[in-house]
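> Kindly return the folded structure for what I paste below:
(chains A, B, C, D and E)
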Amino acid sequence: MPKLLSQLVYPADVPKYRRTIYNTNWCLLTKNTGRLLLLAGDQRLEHLNNDFFGPGIDSADNNPEHLFQIAVHAPIGALAIHYGLASRYGYNYRQVNYVIKLNGKTNLISDDPDSHLLATIDQTIELSKEAGFHLVGVGYSIYPGSRYEPRMLAEASQIIIEAHDNGLPVILWIYPRGGKIKNEDDVSLIAGAAGVAVSLGADFVKVRAPKPLTMKNIHRVVEAAGLTKVIFAGGANTSHDKLWHDVSLELKGGSAGLAVGRNIHQYSVEEARERLQVLAALIYENKTLAQATTVFNKKRHAKNNLK
Amino acid sequence: MPKLLSQLVYPADVPKYRRTIYNTNWCLLTKNTGRLLLLAGDQRLEHLNNDFFGPGIDSADNNPEHLFQIAVHAPIGALAIHYGLASRYGYNYRQVNYVIKLNGKTNLISDDPDSHLLATIDQTIELSKEAGFHLVGVGYSIYPGSRYEPRMLAEASQIIIEAHDNGLPVILWIYPRGGKIKNEDDVSLIAGAAGVAVSLGADFVKVRAPKPLTMKNIHRVVEAAGLTKVIFAGGANTSHDKLWHDVSLELKGGSAGLAVGRNIHQYSVEEARERLQVLAALIYENKTLAQATTVFNKKRHAKNNLK
Amino acid sequence: MPKLLSQLVYPADVPKYRRTIYNTNWCLLTKNTGRLLLLAGDQRLEHLNNDFFGPGIDSADNNPEHLFQIAVHAPIGALAIHYGLASRYGYNYRQVNYVIKLNGKTNLISDDPDSHLLATIDQTIELSKEAGFHLVGVGYSIYPGSRYEPRMLAEASQIIIEAHDNGLPVILWIYPRGGKIKNEDDVSLIAGAAGVAVSLGADFVKVRAPKPLTMKNIHRVVEAAGLTKVIFAGGANTSHDKLWHDVSLELKGGSAGLAVGRNIHQYSVEEARERLQVLAALIYENKTLAQATTVFNKKRHAKNNLK
Amino acid sequence: MPKLLSQLVYPADVPKYRRTIYNTNWCLLTKNTGRLLLLAGDQRLEHLNNDFFGPGIDSADNNPEHLFQIAVHAPIGALAIHYGLASRYGYNYRQVNYVIKLNGKTNLISDDPDSHLLATIDQTIELSKEAGFHLVGVGYSIYPGSRYEPRMLAEASQIIIEAHDNGLPVILWIYPRGGKIKNEDDVSLIAGAAGVAVSLGADFVKVRAPKPLTMKNIHRVVEAAGLTKVIFAGGANTSHDKLWHDVSLELKGGSAGLAVGRNIHQYSVEEARERLQVLAALIYENKTLAQATTVFNKKRHAKNNLK
Amino acid sequence: MPKLLSQLVYPADVPKYRRTIYNTNWCLLTKNTGRLLLLAGDQRLEHLNNDFFGPGIDSADNNPEHLFQIAVHAPIGALAIHYGLASRYGYNYRQVNYVIKLNGKTNLISDDPDSHLLATIDQTIELSKEAGFHLVGVGYSIYPGSRYEPRMLAEASQIIIEAHDNGLPVILWIYPRGGKIKNEDDVSLIAGAAGVAVSLGADFVKVRAPKPLTMKNIHRVVEAAGLTKVIFAGGANTSHDKLWHDVSLELKGGSAGLAVGRNIHQYSVEEARERLQVLAALIYENKTLAQATTVFNKKRHAKNNLK
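Numbers count the residues shown, from 1 in each chain, chains lettered A, B, ... in the order given. Here you go, the predicted structure:
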């Protein structure tokens, strides 16, 4: 069997004089592990208000600053938000590393989703300098299957080329969606999305976790992505045990980490951080499920006893 | 509970050398209070003629100059109009502070509304210099849920970046509208619009008042907007008592003010000013309902006695 | 009642160093009267051939040169044509003043009409210099209610800004049209169109005459246009007596003149000029109907006696 | 009756320093006669393969070089082809004069046809220099009645302005087509197309021949085109006698010539040239039908006798 | 019968100073034979995952690097991939010659396919320099019959002009597709596509093989392409005997080679190379079917005996 490339290859469109900065960003983004725990805050635009307010959601979550309060001391690789949120809160939370999600749309349109560039890479870099925070990467969403897919593929490709030219890693969000797609959790579709990501030259791709979530299915997706690293979406708020279990399995299947939103920000700052610490132990330190959850479970147990 | 940021934070994309001008504009716009009473005159394009002529509408309202006659001595933060109206009347009413609403459309299209840029920020700044009036901010409308939403989100974002770069505050008008939206007054939808505004980095957002208009609902919207300030739309012409009551409640719920159109311009210049004085007392001076309406009610009483 | 502005105010986006040229163009266009009798020749593109050939139409009208033959000695403010017609005939008829209609479409599309820019203002100015004729203004059509309305509103606004920057007055043709519009002659709709024109900063707006054509309706439209002057469309070919009567009423109602096409070019050069002389007497000289039509009626009478 | 302009007027947007080159191109294109016999080779893209292969079509026609073999020694004004064909064969057939058809589409779309610019005028001029052939004009197709009509009208207008600026005559192909059009051969529609051409300032317009093909109908079309010269389309392959007869009638009715495709290239090189010679005699030399066809008929007769 | 041009003519839009580089690329691409065996790897984006994983597909194929492992020692003219794949793997497989497929889309949209430019020619050339591989040509897909056909035709034409200007040969993928097309294998349609390619000036065109695959049909397609060379698509995975037979027939019919994907990459590296060697013998060395397949058949025989 032929020897395959490791995953530490520089994309050739990072010019040689930008490799140091690319390397710095990569190390900050992945905490020197090549893996990524990404806190997603772009949903304030993408999902409107229902993810942030309601039964079972901590009341602090309605305020956009809650995301920053969580991020500021949590063991995440980066907080992914849109430009405007960074322009408003970035200076005051400049200890946080940011991935700016460059395009965006609301969830009010479901047929043929389209998502346009809200800010350019130059504007984003300029903002990071004015606000004094670390911009460690940029993000872009594609919806294959939408009639606007060709436009988004082209824009994503240009974003990757321009980001690499500036030494910035790129995370693609790829969600096949539209008339012909019957099952968004289908492994073949998700592995296809992974193939799109590497064909565009992305550094990371965020996709839905396939269902059923088997080792074979995870591996199929990860392998199809080639040198592009796969992080799975955390999805809707689930029980913490299921979340630990799923992430653990995904990492064994070769994934490079997790993008997590509702499973974190719908909790109080304290609880959110505890959860992120479990995830960080799994993702960055290769801890076993038992090792990673010891502290968390003790606290849970203590709390339950208090009730 | 964590300490949250106050609302006096500069957006990081206002360059440091533009902070003085941004600050000046902000103080003019909010009369040094951080709050805003905005007189909306963009409806001459947006609503065509029915809002300005007919039973119950003062005959003076049919002439576009009526807006300026009201604005020139009224305690408003700014008069919001389109570029063309400012090019025609701005020189002769250069005592008024203006917010130029940069995009616009008529009400003849309701499905999938779209609204394009009528004038650029550079052209608007140039006009204010030629005419000699104070341009204290710019406005832009977004219709989430329309198939043109992605285009408008992107254009709004660019407008905010460019306005901040010129030291100009931005007011977004956000009205979710289109096929999937069943209730435009739903608090979740309006709080979502507030979240869109802060994700884009706006200074103010103008949204519909949620129904039912409860303290909880108002607060939900205001909190979701984070560092972006919320002003509610005055809506259709209602009884003055209801208007005072609603505004009073909105301010208690945390809103930063009001955008008012039909409730003002459909009256004679004198009556319009009297109404604006009540609103100004509530918004800028934190007067109680009773304090703010004393003079107004006396005059009403006197007039009714004359009949 | 407050004192209103006269209609001699310069648009503030005419730069001070361009006011002389703007003033010259304005005086040529309105024959120093502030009023306008416009001969419309853009219909050769807009209406195709049926307006120019057939029963009751003088056989000379089929040749595009007929328009120029009429215009060359008639008391009109300007001949409105498209760029291409001006490039072909403008040099040989350079005594005529021209308004170049910048956009255009045929009448083969009725749902959602759209009309794109055929020539830029710079190209138009350049043409006038090469051909040696007076370019006294430019025109642009908008169809509110069409799904392309937002594009046309934006382009019209840019045209006005650029024309004023070059010292050129602008005439907007505004025709609300499309699915939601049931009655194109409705006074509310036409007054709305007038409000659009002033919101865009136009110098003149050409709209349909409202039906019924009452003094009240005419005045409503004219007043809603504010500092933008209103000229009504002559419409389909009607009896000359009705035409004189309508124009006379419109002028009394405050209109600034007339745009006339079929009622003129469907006649021989001689008859067309006679009709224009009646209209000129009404529009420029404020003659009564009786005064203005004396000569015309005598000639009619004489001709009828000859038969 | 007023004296009308002759058809030798320069378009005013040909700058004075370009008149010599415009004149040279015009003389080459019209063989100093003001008339045009155009061989159309754009159909290889526009009509796909069915016009070039099949029963009754000479087998040589399937090869694109056949067009050049015909053109190289035939008495045509120009060969009209797309840029790509000229880039492939132009150097080897640089004795031929070319009109480059700038836009193009296939016949696979019939509703709402649209046709985009394949090459710019600058690129086309550059190609003619590299290949060493005479570029004597450019062509552009418009489909009035299509929903893309406004775009094509605008692009055509810009092409004419730019071509004239470079001293190049322009031929418009105008084919009204789409939902509302019931009869593409209707004389009113075709005369309307002629009016569009002159409103855009074209030098020549190619339109369908009206049906019925009467002197009155031909004259109506030609007259409506004013200073723009009319050439009729040869249409589908018909009997040679009908072709001679139709062309002869069209010329009497005032047409400036013919654009011919299938009636020529579907024959062997030798036969194609014989047919072009008849057409050239009619178009350039004002020969009668009898004079023009003498040689052709003799050869036909001889061939038939041989069978 | 007239003498036709050979196929070694330079396109006239390759400037003279670029002919050396064009010639070098041409020789690398065609291995000095004027023929082309192209390994297609763009399907990872175009076909998503189903072509690379499943029953009957070698498990190595799921990893994008498999394509490079095959290509690195195989007798192909070039590996055709998208920019992003080249940016990720190009440096490590810089011995391979690449054709970068400039546009792309997934197979999730079938009605009215559209495919946008993912990278520009300048970006592609820059990438080849940074990665150190030979860029021997660029590719572009067109879908005639789609409502986006006009846009793609125009973009393809511009790509060809710009590629030639840089000394790069262009391969067009042309697949008529959409509502009106009933049979994508119809010879008339495919010959039409060939005519489109030469009308655009392409160097190679990749089309489907017509059905039935007869010498007459092959020749019709090849001849209609004129100076543009035809390579047929290998199509879905078929028996190797059928593949050898079809290619052999196509070459006899005048084709210039083959583009092959699934018939190669769905096999192990070793098997894939064996198949490519048979194809290379047929395409480059004009071997007979018997000569070309001797070694391959022996190995097959040996393997079968081992089972």
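
> any idea whether the spatially most central residue of chain A is helix, strand or coil?
Centroid-nearest residue in chain A: A:A259, 3.6 Å away (criterion: Cα atoms, centre = their mean). In three-state terms, and counting by DSSP: H, G, I helix; E, B strand; the rest coil, A:A259 is strand.

> And A:R18, how far from E:L135?
Separation of A:R18 from E:L135 (Cβ to Cβ, to the nearest Å): 21 Å. C-betas here are computed from N, CA, C, even on glycine.

> okay, these two: which has more neighbours?
Between A:R18 and E:L135, counting by other Cβ atoms under 10 Å in any protein chain shown, E:L135 is the more crowded of the two (24 against 17).

> and the more buried one, that one's in a helix?
No: applying three-state DSSP, one finds E:L135 to be strand, outside a helix.

> list the contacts for it?
Counting by Cβ atoms under 8 Å, 6 or more residues apart in numbering or on different chains, E:L135 makes contact with E:25, E:98-100, E:124-125, E:127-128, E:168.

> Please tabulate the residues you listed in JSON lines, including the columns distance to chain D and secondary structure.
Below are the contacts of E:L135 laid out as JSON lines (distance: Cβ to the nearest Cβ, whole Å; DSSP: H, G, I helix; E, B strand; the rest coil):
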{"residue": "E:N25", "distance to chain D": "17", "secondary structure": "helix"}
{"residue": "E:Y98", "distance to chain D": "24", "secondary structure": "strand"}
{"residue": "E:V99", "distance to chain D": "19", "secondary structure": "strand"}
{"residue": "E:I100", "distance to chain D": "21", "secondary structure": "strand"}
{"residue": "E:T124", "distance to chain D": "20", "secondary structure": "helix"}
{"residue": "E:I125", "distance to chain D": "19", "secondary structure": "helix"}
{"residue": "E:L127", "distance to chain D": "25", "secondary structure": "helix"}
{"residue": "E:S128", "distance to chain D": "24", "secondary structure": "helix"}
{"residue": "E:L168", "distance to chain D": "14", "secondary structure": "coil"}
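
> Taking those, tell me the two that lie furthest apart.
Spatial extent of the contacts of E:L135 (Cβ to Cβ) is set by the pair E:N25 and E:L127 at 15.6 Å.

> Lowest mean pLDDT among the helices and strands of chain A, which one is it?
helix A:289-306 (a mean of 89; mean pLDDT, DSSP states H and E).

> Identify all contacting residues around that helix.
Residues contacting helix A:289-306 (Cβ under 8 Å, 6+ apart): A:240, A:244-245, A:248, A:274-275, A:277-278, A:281-282, A:285.

> Pull out the buried residues from the residues you listed.
Listed as buried from the contacts of helix A:289-306 are A:240, A:244, A:248, A:274-275, A:277-278, A:281-282; burial here means 16 or more other Cβ atoms under 10 Å in any protein chain shown.

> Which residues are in contact with the closest residue to chain D within the stretch 1-150 of chain A?
Of all residues in the stretch 1-150 of chain A, A:P150 sits closest to chain D, at 15.9 Å by Cβ to the nearest Cβ. The neighbours of A:P150, taking Cβ under 8 Å, 6+ apart as the test, are E:103, E:105, E:114-116.

> What's the separation between it and E:L45?
From A:P150 to E:L45 the distance is 11 Å (Cβ to Cβ).

> Find residues that contact each of the two.
E:K105.

> Alpha carbons of the helix or strand A:R88 falls within, as CSV, please.
Using DSSP states H and E, A:R88 sits within helix A:83-89. C-alpha atoms of helix A:83-89 as CSV (Å, rounded to 0.1, in the frame of the first residue of the first chain):
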residue,chain,number,x,y,z
TYR,A,83,-17.6,40.8,11.6
GLY,A,84,-20.2,43.1,13.3
LEU,A,85,-20.1,41.3,16.6
ALA,A,86,-16.3,41.5,16.5
SER,A,87,-16.4,45.2,15.8
ARG,A,88,-18.7,45.7,18.8
TYR,A,89,-17.1,43.3,21.4
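
> tally of neighbours for the residue lying closest to A:Y143 once chain neighbours are set aside?
Using Cβ to Cβ, 6 or more residues apart in numbering or on different chains and skipping the chain neighbours, the partner closest in space to A:Y143 is A:P113 (4.4 Å). Burial measure for A:P113: 22 neighbouring residues, criterion other Cβ under 10 Å.

> and if you look at A:T20?
Neighbour count for A:T20, taken as other Cβ under 10 Å: 10.

> go on, the one 10 residues further on?
For A:T30, the count of nearby residues is 24 (other Cβ under 10 Å).

> mind checking how far it is from A:R300?
Distance of A:T30 to A:R300, given as Cβ to Cβ: 29 Å.

> buried residues in stretch A:244-255?
Buried residues in stretch A:244-255, counted by 16+ other Cβ under 10 Å: A:244, A:246-251, A:253-255.

> Identify, from the residues you listed, the entry nearest to chain E.
A:G254 (11.4 Å).

> tell me the secondary structure for the nearest residue in space to the closest one that is not next to it in sequence?
Using Cβ to Cβ, 6+ apart and skipping the chain neighbours, the partner closest in space to A:G254 is A:V222 (3.7 Å). Secondary structure, three-state DSSP: A:V222 is helix.

> What confidence value was assigned to the residue of chain A found nearest chain C?
Using Cβ to the nearest Cβ, the single residue of chain A nearest to chain C is A:H116, 15.9 Å away. We have a pLDDT of 98 for A:H116.

> Just give the number of residues close to the closest residue to it other than its chain neighbours.
Nearest residue to A:H116 in three dimensions, chain neighbours excluded: B:A154, at 3.7 Å (Cβ to Cβ, 6+ apart). B:A154 has 19 neighbours, counted by other Cβ under 10 Å.

> where along chain A do the helices fall?
A:19-30, A:43-46, A:65-71, A:83-89, A:121-131, A:149-165, A:187-200, A:215-224, A:240-252, A:262-265, A:269-285, A:289-306 (DSSP state H).

> quick one, the last one and helix A:269-285 angle?
Which is helix A:289-306. Put simply, helix A:289-306 runs at 170 degrees to helix A:269-285, going by axes from the mean of the first three to the mean of the last three Cα atoms, to 10 degrees.

> Flag the shaky bits of the stretch 1-150 of chain A, pLDDT-wise.
Residues of the stretch 1-150 of chain A meeting the criterion pLDDT under 70: A:1-8.
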